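Engineer: Turn this into a model:
(one chain, ligands or ions: 1)
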Amino acid sequence: MMSWTGPQVHDKTMSGPAIDVTAQQTMPLTPTQRAAWDRDGYLVLTAFKPAAEVAAACARAAEIVDAFVPDAGSSRFSTRDRGLVADAALLASADQVHCFFEEEALDDAGRLRVPKAQSVNKIGHALHERDPIFDAFSHGPALAALAAEVGLTQPQVWQSQLIFKQPQIGGEVGWHQDASFFVTDPITVTTFWFALEDATLDNGCLWVQPGGHRGPLRERYVCEQGRLRMQALSDAPWPDTATALALPVPAGTLVLFHGLLPHYSAANRSPRSRLAYTLHVTDGRATYAATNWLQRTPALPVRGL
Ligand code: FE2
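Structural biologist: Numbering: from 1, shown residues only. Got it, this is the predicted structure:
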């Protein structure tokens, strides 16, 4: 009988539920890969993106940060009514390209306390619509075919994010399910998580609970009258790093995971950043909740892959 004395680490040299496949092998997925998806709730697709495309995405991310000027909206993250202003900033970013700073990157006057290149927590949430480089990165037949393989018959791409996980200061992202933020009936949201830099145990790679997508949705993020709150739905416990699986992956890897799959990433205390790019995609045949924080208007309707 197999027993684990410490954190599990996904590695090609050990047997386990994760499967490495290359982009050339994924269209269509093999029966083994399909079975792994159904059983585990995620797939690790190494070398999904060519190095040149990854390099272009990294360069564009740096350009966006360089061009971004902290303004009154950014600085207001530090004002007394933090919650209300933070909610408004998030909602306003739904169809924009907006830099969100690390919590302590700005002083009370909105001035940067650290170099700008190291100050950004994430950029969201419509890079895939507003930026030509990320538009190209986020669309195309390879992604559309993969989406169809996992049941997204009418894919709708609601959100894109660049997540920096900055060296030394990149924060932990606690256990959660992405379906909390993109509720559909039935639940269909699927996460496309692209490593733009190597993700390691030291710089905050993903951790997942294999098979955890068969559990309940534990909470949902609700927007009502412009205020955001997390609503508890289930007291099912979250996994911990003693039983979960770490997914260190090289740049260019796509980790595809089910919206109900519990996942987590540790703080980055290493000298290396861990830049990732994510897309959240639902199936247009399912009803998208009116209380989801991210809504689109006719000015920028949601579209597919
Ligand atoms: Fe997530």
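
Engineer: which ones are touching residue 296?
Structural biologist: Each residue near residue 296 by CB atoms under 8 Å, 6 or more residues apart in numbering is listed here: 94, 95, 158, 302. In this view, the C-beta of every residue, glycine as well, is placed from N, C-alpha and C.

Engineer: Apologies, that question was intended for residue 130.
Structural biologist: Applying CB under 8 Å, 6+ apart, we find residue 130 in contact with 95, 96, 97.

Engineer: now residue 123
Structural biologist: Contacts of residue 123 by CB under 8 Å, 6+ apart are 61, 64, 65, 97, 98, 99, 100, 161, 162.

Engineer: Dump those into CSV; add secondary structure and neighbour count as well.
Structural biologist: Formatted as CSV, those follow (DSSP: H, G, I helix; E, B strand; the rest coil; neighbours: other CB atoms under 10 Å):
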residue, secondary structure, neighbour count
61, helix, 21
64, helix, 19
65, helix, 17
97, strand, 20
98, strand, 21
99, strand, 22
100, strand, 22
161, strand, 20
162, strand, 26
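
Engineer: Dump these to TSV, plus distance to residue 38 and pLDDT.
Structural biologist: What follows is the contacts of residue 123, written out as TSV (distance: CB to CB, whole Å; pLDDT from 0 to 100):
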residue	distance to residue 38	pLDDT
61	34	97
64	37	95
65	39	93
97	35	93
98	36	90
99	38	90
100	35	87
161	27	96
162	30	97
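
Engineer: Check those residues against residue 185 and report the nearest one.
Structural biologist: Closest approach to residue 185 among the contacts of residue 123 (CB to CB): residue 161, at 23.9 Å.

Engineer: Let me know whether residue 279 touches residue 127 as I believe.
Structural biologist: No: assessed by CB atoms under 8 Å, residue 279 is found out of contact with residue 127, at 9.3 Å.

Engineer: shared neighbours of the two, which are they?
Structural biologist: The contact lists of residue 279 and residue 127 share 138, 160, where a contact means CB under 8 Å, 6+ apart.

Engineer: one step back: tabulate the contacts of residue 296 in JSON lines, adding columns for neighbour count, distance to residue 234 and secondary structure.
Structural biologist: Below are those laid out as JSON lines (neighbours: other CB atoms under 10 Å; distance: CB to CB, whole Å; DSSP: H, G, I helix; E, B strand; the rest coil):
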{"residue": "94", "neighbour count": "19", "distance to residue 234": "27", "secondary structure": "coil"}
{"residue": "95", "neighbour count": "18", "distance to residue 234": "31", "secondary structure": "coil"}
{"residue": "158", "neighbour count": "22", "distance to residue 234": "23", "secondary structure": "strand"}
{"residue": "302", "neighbour count": "18", "distance to residue 234": "28", "secondary structure": "coil"}
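
Engineer: Strands of the stretch 151-300 of the chain, residue ranges please.
Structural biologist: All strands of the stretch 151-300 of the chain, identified by DSSP state E, counting those that start in this stretch, fall at 155-163, 173-176, 184-185, 190-195, 206-208, 219-224, 227-232, 245-247, 254-258, 263-265, 276-283, 287-288.

Engineer: So which of those is nearest residue 90?
Structural biologist: Of those, the one closest to residue 90 (CB to CB) turns out to be strand 227-232, at 7.0 Å.

Engineer: Could you list the low-confidence segments of the protein?
Structural biologist: 1-27, 71-85, 104 (pLDDT under 70).

Engineer: So which residues of it form helices?
Structural biologist: Here the chain has its helices, by DSSP state H, at 31-40, 51-67, 72-75, 82-92, 127-130, 132-138, 141-149.

Engineer: Buried deepest among these, which one?
Structural biologist: For the helices of the chain, the largest average neighbour count (mean count of other CB atoms under 10 Å) is found in helix 127-130, namely a mean of 21.

Engineer: send the alpha carbons of it over as PDB?
Structural biologist: Provided in PDB are the C-alpha atoms of helix 127-130 (Å, rounded to 0.1, in the frame of the first residue of the first chain):
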ATOM      1  CA  LEU A 127      -6.400  41.400 -21.700                       C
ATOM      2  CA  HIS A 128      -7.800  38.800 -24.100                       C
ATOM      3  CA  GLU A 129     -10.100  41.400 -25.600                       C
ATOM      4  CA  ARG A 130      -8.200  44.600 -25.300                       C
END
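
Engineer: Okay then, goodbye and thanks.
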